[in-house]
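A.B. asks: could you work out the structure for the sequence below:
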Amino acid sequence: MRLGVIGGSGLYELEDLQEVRQIKLDTPFGAPSDVYTRGVLGGSEVFFLPRHGRGHRLLPSEINHRANIWGFKKLGVEYVVSVSAVGSLREELRPRHVVLPDQYFDRTKHASDHTFFGRGVVAHVSFGDPACGVLREASAAAAEAVVSEMRLGEVVRVHRGGTYVNMEGPAFSTRAESETYRRLGFDVIGMTSLPEAKLCREAEICYQAMAMVTDYDCWHATEAEVTVELIVGILRANVELARHVIRGLVGRLPATRTCPCRDALRNAILTDLKTAPAETLHALEPILGRYRPANVADA
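C.D. replies: Residues are numbered from 1 along each chain as shown. Prediction:
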């Protein structure tokens, strides 16, 4: 079992992470956000990637999600947990709470960058349930155990499920937008998770976001308006929690996957791969390799 973790660089500063090394990958889609940090945790391989690069140098719209997920697939990762900051659209989802979304609403403008397909190969994966239920339950159990062990129950709650609205950024919402999202019934808002979920599904990787609430967006009349300083302060408080959750999650993941994520492409590829462009097949080898006819050669 290999676990991938997307988030800030501080997440992989684990005292019991062993055999640590850096892996730099080139991909057909360009450079990932940074090098991957590989280590062994609880007997399992774990690969960490800072989403915005070390030093937080990439805007949400500048993140090369395709390269990031392609790299995880190339490294043999089967599960990806994404740790990120979100704004709350619900009174009961307070700062420091952890939400494990099971649904998404897309407000981005770069959908063409959120798929591996095109360039002669067409596939349409099922995305009605965009996150992995097995990974969500394991993540929730790990998070609840950590909250209990660290006696954080008065300030941290773990919420199974919720709708994540993915906006473009980099500016935060206007009040009109924030109020509209609330009326539509959304739960949290962020700028990065949906592309990761789409690409992981195409790559047949189990995916779950660990959305850590930092603020009430800008809709809450009695709370301070969201600022970078506010978010950074709460994020720092969340880092230790996230590290403990990742440590506890490793031992809860099934060694063998039985969820639908592992076969997401089985009935999704519409193109006859015998006639597909060799260059595209070569670029997608980590993703399409198990489906490619044996007599089709690389470019």
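A.B. asks: lowest-scoring secondary structure element of this protein by mean pLDDT?
C.D. replies: helix 228-250 (a mean of 83; mean pLDDT, DSSP states H and E).
A.B. asks: convert it to PDB, retaining C-alpha atoms only.
C.D. replies: The C-alpha trace of helix 228-250 is given here as PDB (Å, rounded to 0.1, in the frame of the first residue of the first chain):
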ATOM      1  CA  VAL A 228      -4.200  35.900   5.100                       C
ATOM      2  CA  GLU A 229      -2.900  36.500   8.600                       C
ATOM      3  CA  LEU A 230      -6.000  34.800  10.100                       C
ATOM      4  CA  ILE A 231      -5.700  31.800   7.800                       C
ATOM      5  CA  VAL A 232      -2.000  31.400   8.400                       C
ATOM      6  CA  GLY A 233      -2.500  31.400  12.200                       C
ATOM      7  CA  ILE A 234      -5.100  28.700  12.200                       C
ATOM      8  CA  LEU A 235      -3.200  26.700   9.600                       C
ATOM      9  CA  ARG A 236      -0.200  26.500  11.900                       C
ATOM     10  CA  ALA A 237      -2.500  25.200  14.700                       C
ATOM     11  CA  ASN A 238      -3.800  22.500  12.300                       C
ATOM     12  CA  VAL A 239      -0.400  21.200  11.100                       C
ATOM     13  CA  GLU A 240       0.300  19.100  14.200                       C
ATOM     14  CA  LEU A 241      -3.300  17.600  14.000                       C
ATOM     15  CA  ALA A 242      -2.800  16.700  10.300                       C
ATOM     16  CA  ARG A 243       0.500  15.100  11.000                       C
ATOM     17  CA  HIS A 244      -1.000  12.900  13.700                       C
ATOM     18  CA  VAL A 245      -3.900  12.000  11.500                       C
ATOM     19  CA  ILE A 246      -1.600  10.900   8.600                       C
ATOM     20  CA  ARG A 247       0.400   8.800  11.100                       C
ATOM     21  CA  GLY A 248      -2.800   7.100  12.300                       C
ATOM     22  CA  LEU A 249      -4.300   6.700   8.800                       C
ATOM     23  CA  VAL A 250      -1.500   4.500   7.500                       C
END
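A.B. asks: that helix: how far from the chain's middle?
C.D. replies: 15 Å (CA atoms, centre = their mean, to the nearest Å).
A.B. asks: any idea which helix or strand comes after it?
C.D. replies: Remark: after helix 228-250, the chain's next helix or strand is helix 278-283, criterion DSSP states H and E.
A.B. asks: now for Lys109, how many residues are close by?
C.D. replies: When neighbours are counted by other CB atoms under 10 Å, Lys109 registers 10. Any C-beta I mention is one placed from the backbone N, CA and C, and that applies to glycine too.
A.B. asks: now His220
C.D. replies: 17.
A.B. asks: can you confirm it is in a strand?
C.D. replies: No - read with DSSP: H, G, I helix; E, B strand; the rest coil, His220 is coil and lies in no strand.
A.B. asks: any chance of the backbone angles for the nearest residue to it once chain neighbours are set aside?
C.D. replies: Using CB to CB, 6 or more residues apart in numbering and skipping the chain neighbours, the partner closest in space to His220 is Glu91 (7.8 Å). Note on Glu91: its backbone torsions stand at phi -60, psi -40 [degrees, to the nearest 10].
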